[in-house]
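Trainee: got a predicted structure plus its sequence, pasted below:
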Amino acid sequence: QVQLVESGGGLVQAGGSLRLSCAASGGAFSINTIGWYRQAPGKQRELVAGISDSAGAYYGDSVKGRFSISIDHSKNSAYLQMNSLKPEDTAVYYCHADLLVLAVPGEPYRPLEVWGQGTLVTVSS
């Protein structure tokens, strides 16, 4: 069973930086796309950033120029560097991945969408 484990959330003052990590593990798989969404209290979940070999990196409008996403295929991990943080960046950040997984040896890889458990980022003013 493939899992995504996030780390790096916490409390930071406005203008500060945080780095989130997301590691995928469990079974045989390859990563098509990996990234982060976030959800603030009373708001809908929104795209923060994503990355794939085919599309490269892409960002939500509210974080462009401040956040940077990267991937390390050797570690099956992705990283979100968040700079110039604002109080409105406060939310639970969820790692999300579209994978190809080998469920049964000898059969073709199958698509699988996986979510992490979420990590809280709080930006104080």
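Mentor: Arrived safely.
Trainee: okay, CA-based contacts and neighbour counts for the rest of this
Mentor: Noted.
Trainee: quick check: Thr33 touching Ile51?
Mentor: Yes. Contact criterion C-alpha atoms under 8 Å: Thr33 and Ile51 qualify, at 5.7 Å.
Trainee: any residues in contact with both of these two?
Mentor: Jointly contacting Thr33 and Ile51 under the rule C-alpha atoms under 8 Å, 6 or more residues apart in numbering is no residue at all.
Trainee: where exactly do the helices run in this protein?
Mentor: Counting by DSSP state H, the chain has no helices at all.
Trainee: now the strands for it?
Mentor: With DSSP state E, the ranges of strands along the chain come out as 3-7, 10-13, 18-25, 29-39, 46-52, 56-59, 67-72, 77-82, 91-101, 110-115, 119-124.
Trainee: low-confidence stretches in this protein?
Mentor: Within the chain, no range satisfies pLDDT under 70.
Trainee: same list (the strands of the chain) but as TSV, adding mean neighbour count.
Mentor: As requested, the strands of the chain are exported to TSV (neighbours: other C-alpha atoms under 10 Å):
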stretch	mean neighbour count
strand 3-7	19
strand 10-13	15
strand 18-25	20
strand 29-39	21
strand 46-52	21
strand 56-59	16
strand 67-72	19
strand 77-82	20
strand 91-101	22
strand 110-115	15
strand 119-124	20
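Trainee: show me the contacts for the residue of the chain most remote from its centre.
Mentor: Here the centre of the chain is the reference, and by C-alpha atoms, centre = their mean the most remote residue is Gly106, at 30.3 Å. Contact analysis of Gly106 by C-alpha under 8 Å, 6+ apart lists nothing.
Trainee: look up how far Gly60 lies from it.
Mentor: Distance of Gly106 to Gly60, computed by C-alpha to C-alpha, to the nearest Å: 39 Å.
Trainee: do Ser124 as well
Mentor: 21 Å.
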